[in-house]
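In: Pasted the sequence and its predicted model underneath.
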2 protein chains.
Amino acid sequence: MSRVIVDVMLKPEIHDPQGDAVLSASRRLGFGTITSVRQGKIFELEIDGPADDAALAAARELAAELLANPVIEEFTLRSAE
Amino acid sequence: MSRVIVDVMLKPEIHDPQGDAVLSASRRLGFGTITSVRQGKIFELEIDGPADDAALAAARELAAELLANPVIEEFTLRSAE
């Protein structure tokens, strides 16, 4: 069993209203040093078998097909454990 | 300017219907080796000043107060770049 983590973020040029709302709230709470917030999604995948190239390839394919919208989002893979 | 990433995940004992839905969809798409999916949130914070203990402390306080619901979620901090 291996674990792969997929981070999905909006592309930098895409406006992020969720992140902006969090930034506004952080200012109201007095966190004046925080200048930008971008919000994204994490998917922790557990995959049968070792953490090898096949597991990473399956995670990458799933991310491209299902987890991220390639028009507005980009993803990165991390191997966990 | 420093960047801190906050990962927010449901606690392991909390049921994750979003993750379950992604798992079902992945099976329909033929990804038979994926056995579990848990979904969470990422917040990329940009903080004025160096990536020192003060920046991490601000991020940790914001995560505990605003970004995560401590009843059902847990968070981890990562320093980026």
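Out: The structure has been received and is ready for your questions.
In: From here on, just use CA atoms for contacts and neighbour counts.
Out: Noted.
In: just checking, what packs against the top strand by length along chain A?
Out: Identified as the longest strand of chain A according to DSSP state E is strand A:34-47. Applying 3 or more CA pairs under 8 Å, 6 or more residues apart in numbering or on different chains; DSSP states H and E, we find strand A:34-47 packed against strand A:2-10, helix A:17-28, strand B:34-47.
In: Reformat the ones you listed as TSV; add mean pLDDT and distance to residue A:59.
Out: Shown next, in TSV, are the helices and strands packed on strand A:34-47 (pLDDT from 0 to 100; distance: least, CA to CA, whole Å):
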stretch	mean pLDDT	distance to residue A:59
strand A:2-10	96	7
helix A:17-28	97	26
strand B:34-47	97	8
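In: Which positions in chain A make contact with chain B?
Out: Contact residues, chain A versus chain B (CA under 8 Å from any CA of the partner chain): A:7, A:19, A:26, A:31, A:33-49, A:58, A:62, A:66.
In: Does residue A:13 belong to a helix, a strand or coil?
Out: coil (DSSP: H, G, I helix; E, B strand; the rest coil).
In: Return the per-residue confidence for it.
Out: We note a pLDDT of 97 for residue A:13 in this prediction.
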